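[1] Predicted model follows, preceded by the sequence.
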Amino acid sequence: MKYDTLLFDLDGTLFDTLDDLRNSVNHALKSAGFAERSREEIRTFVGNGVRNLMLKAVPEGTSEERFEAVFAEFRAYYALHCRDCSCPYPQIPALLEALKERGCRMAVISNKSDAEVKRLVEEYARGFFLAAVGDRPGIPRKPAPDAVLRTMEELGGTPERTLYVGDSEVDILTARHAGLDCMAVTWGFRTREELIRAGATALIDSPLELLEHI
């Protein structure tokens, strides 16, 4: 087996969270009297944390004070509604079961807030991951490699035997910064063409294809 440790992104890789993100963004925008954003716009905004998501979603020129109020509204709403529509992508449960049977050590590393990462993993993927890590104070978000390297070490993994799996340019950069191989997935929030432009060299189109590469 080439890899014994697998580190997964969450949004767009394991779970389809786009509708809950869109609904929460638009709730916050409407509360401030701003125009709503389309699902496609939200798709292009996600990947580098919810603060950056909201910075892209508010109108250009929004004052810092007004932005902070909109962002707070988003955070409060999303905390309550992050599981309304979100669910694992097809084949993800079967993939995780197969990887567990092979003895792979697995973890989730996301730019979503730590509490929401743990909540989603606990509800939809309990028993598969040795760690579920989200955005926390004092640890730089991806594409910084800090959380990835720390989690890999906690799992007992080594760079040459660890595979990072994600769906965006942020994930490709994260793996590069950490010195890890990266598998880019095309069913998430970026198209195959966008991933290739971002530097992806290994891609899969469905979750169970991953088993052919480990």
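    Cool, the structure landed.
[2] Can you tell me the SS state at the closest residue in space to residue 141 that isn't next to it in sequence?
    Of all residues not flanking residue 141 in the chain, residue 111 sits nearest, at 4.8 Å (C-beta to C-beta, 6 or more residues apart in numbering). Just so you know, the C-beta spots here come from the backbone N, C-alpha and C atoms, and that holds for glycine as well. What DSSP: H, G, I helix; E, B strand; the rest coil gives for residue 111 is strand.
[3] quick check: longest helix of the protein.
    Secondary structure of the chain per DSSP state H: the longest helix is helix 64-81.
[4] List the buried residues of that one.
    67, 70-71, 73-75, 77-78 (16 or more other C-beta atoms under 10 Å).
[5] Ok, stretch 151-162 next?
    Those would be 151-152, 155, 157, 161-162, for stretch 151-162 by 16+ other C-beta under 10 Å.
[6] What of stretch 96-114?
    96, 98-99, 104-113.
[7] repeat for stretch 117-134
    Under 16+ other C-beta under 10 Å, the buried positions of stretch 117-134 are 117-121, 124-125, 128-129, 131-134.
[8] Hmm, residue 73 is touching residue 30, no?
    No: Residue 73 is not in contact with residue 30 according to C-beta atoms under 8 Å; the separation is 9.4 Å.
[9] Among the buried residues of stretch 117-134, which ones are in helices?
    Going by DSSP H, the helices hold 117-121, 124 from the buried residues of stretch 117-134.
[10] out of these, who's nearest residue 87?
    Nearest to residue 87 out of those is residue 124 (C-beta to C-beta; 6.6 Å).
[11] now the helix or strand just after the longest helix of the chain, how far from the centre of its chain.
    Downstream of helix 64-81, the first helix or strand assigned by DSSP states H and E is strand 87-88. The chain centroid and the centroid of strand 87-88 are separated by 12 Å under C-alpha atoms, centre = their mean, to the nearest Å.
[12] cool, stretch 44-53 as well?
    Distance, centroid of stretch 44-53 to centroid of chain: 10 Å (C-alpha atoms, centre = their mean).
[13] Pull the residues that contact that stretch.
    11-12, 18, 21, 25, 37, 42, 56-57, 71, 74-75, 78, 111-113, 135, 141-142, 168-171, 189-190 (C-beta atoms under 8 Å, 6 or more residues apart in numbering).
[14] 6 Å instead?
    Under the criterion C-beta atoms under 6 Å, 6 or more residues apart in numbering, residues 56, 111, 135, 141, 168, 170, 189 lie in contact with stretch 44-53.
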